[in-house]
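*Asks:* no FASTA, just this:
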């Protein structure tokens with residue numbers, strides 16, 4: 001899907017603000033954000049992909065006027081402007097260290113997918129103001145919302161310029177064309193908290209691991225192979241021993 005490039009008539013401010021100084025709504029939100037970003041990276045690594053960027057809780061600058069206003073007035077007041085909780089952009093250099101996503105420095109690229117983690121203080125804005133912005137200005141193909149209180153997962157896909165509601169499957173999962181993965185709930189422990197988290201699954205329903213989980217899985221598989229080889233050697237020795 002084509003995405004519009006911003007063509008400024010003036011130079012942007014030389015110094016952008018990268019943080020609004022506001023904490024995340026809860027410790028769950030902080031952990032979930034990093035958790036989801038980690039599994040997206042792992043999913044792309046399994047495919048050998050490096051042409052993507054996934055970020056979270058960072059400003060997304062899409063107009064020079066916005067950038068000038070924030071730079072001149074200082075950090076915005078709460079709820080005036082905050083970047084998406086998690087966003088994914090495909091087809092861009094993935095190894096660059098970015099403090100913010102600046103559309104005019106990224107060849108006009110907007111996110112392919114955005115995930116907002118709802119809270120009592122943000123749900124209304126996420127469902128209205130931000131949804132309208134992502135739909136009509138960003139033209140982001142997919143938008144997902146997850147409410148940790150109700151464990152409700154919602155999704156929208158852009159169709160002919162408007163967001164259409166996605167229907168979950170029997171498991172309550174939603175399919176992402178942009179990631180080529182399922183978004184679904186997962187009950188388990190993360191950073192000492194045993195609760196429900198938003199995670200990713202492949203087409204066959206396999207849980208996408210974090211990089212740490214993938215390393216443990218590799219180590220466990222190697223241990224099993226070593227144990228099997230040792231058992232086979234012991235069996236062959238037993239056969240060779242005189243009766």
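*Replies:* Yep, that arrived. Since the model is a prediction, treat every value here as computed from it, not as a measurement. Numbering: from 1, shown residues only.
*Asks:* switch to C-alpha atoms for all contacts and neighbour counts from now on
*Replies:* OK.
*Asks:* Which secondary structure state is assigned to residue 214?
*Replies:* helix (DSSP: H, G, I helix; E, B strand; the rest coil).
*Asks:* my read: residue 191 touches residue 31, true?
*Replies:* Yes. The pair residue 191 / residue 31 is scored as a contact, 7.5 Å apart, by CA atoms under 8 Å.
*Asks:* So for stretch 115-129, what gets flagged as buried?
*Replies:* Neighbour-count burial for stretch 115-129 flags 115-119, 123, 126 (criterion: 16 or more other CA atoms under 10 Å).
*Asks:* from those, which ones fall inside helices?
*Replies:* 123, 126 (DSSP state H).
*Asks:* helices and strands of this structure: which one has the lowest mean pLDDT?
*Replies:* helix 64-73 (a mean of 60; mean pLDDT, DSSP states H and E).
*Asks:* Quick one: name whatever helix or strand follows that helix.
*Replies:* Reading on from helix 64-73 to the C-terminus, the next helix or strand found by DSSP states H and E is strand 86-90.
*Asks:* Phi first, then psi, for residue 107.
*Replies:* Main-chain dihedrals, residue 107, degrees, to the nearest 10: phi 60, psi 30.
*Asks:* And for it, the neighbour number?
*Replies:* The local packing of residue 107 (other CA atoms under 10 Å) involves 13 other residues.
*Asks:* how about CSV for the buried residues of stretch 115-129, with pLDDT and distance to residue 207 added?
*Replies:* Formatted as CSV, the buried residues of stretch 115-129 follow (pLDDT from 0 to 100; distance: CA to CA, whole Å):
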residue, pLDDT, distance to residue 207
115, 98, 19
116, 97, 21
117, 97, 20
118, 96, 23
119, 93, 26
123, 94, 28
126, 95, 27
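*Asks:* Dump the buried residues of stretch 115-129 into TSV; add distance to residue 186 as well.
*Replies:* Output for those, formatted as TSV (distance: CA to CA, whole Å):
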residue	distance to residue 186
115	16
116	17
117	15
118	17
119	19
123	22
126	23
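*Asks:* Poorly predicted segments of this protein, please.
*Replies:* 1-15, 17-25, 64-82, 219, 221-222, 243 (pLDDT under 70).
*Asks:* domain parsing for it?
*Replies:* Domain ranges of the chain: 27-207, 210-243, per automatic domain parsing.
*Asks:* mind checking which of the ones you listed is nearest residue 16?
*Replies:* domain 27-207 (5.9 Å; CA to CA).
*Asks:* With residue 215 as the reference, measure out to residue 173.
*Replies:* Residue 173 sits 26 Å away from residue 215, going by CA to CA, to the nearest Å.
*Asks:* where along this structure do the strands fall?
*Replies:* 52-55, 60-61, 86-90, 101-102, 113-117, 142-147, 152-159, 162-165, 174-176, 181-190, 193-201 (DSSP state E).
*Asks:* Out of the ones you listed, which one sits most buried?
*Replies:* A comparison of those by mean neighbour count, using mean count of other CA atoms under 10 Å, puts strand 113-117 on top with a mean of 24.
*Asks:* List of residues touching that one?
*Replies:* 29, 84-89, 126, 140-148, 178 (CA atoms under 8 Å, 6 or more residues apart in numbering).
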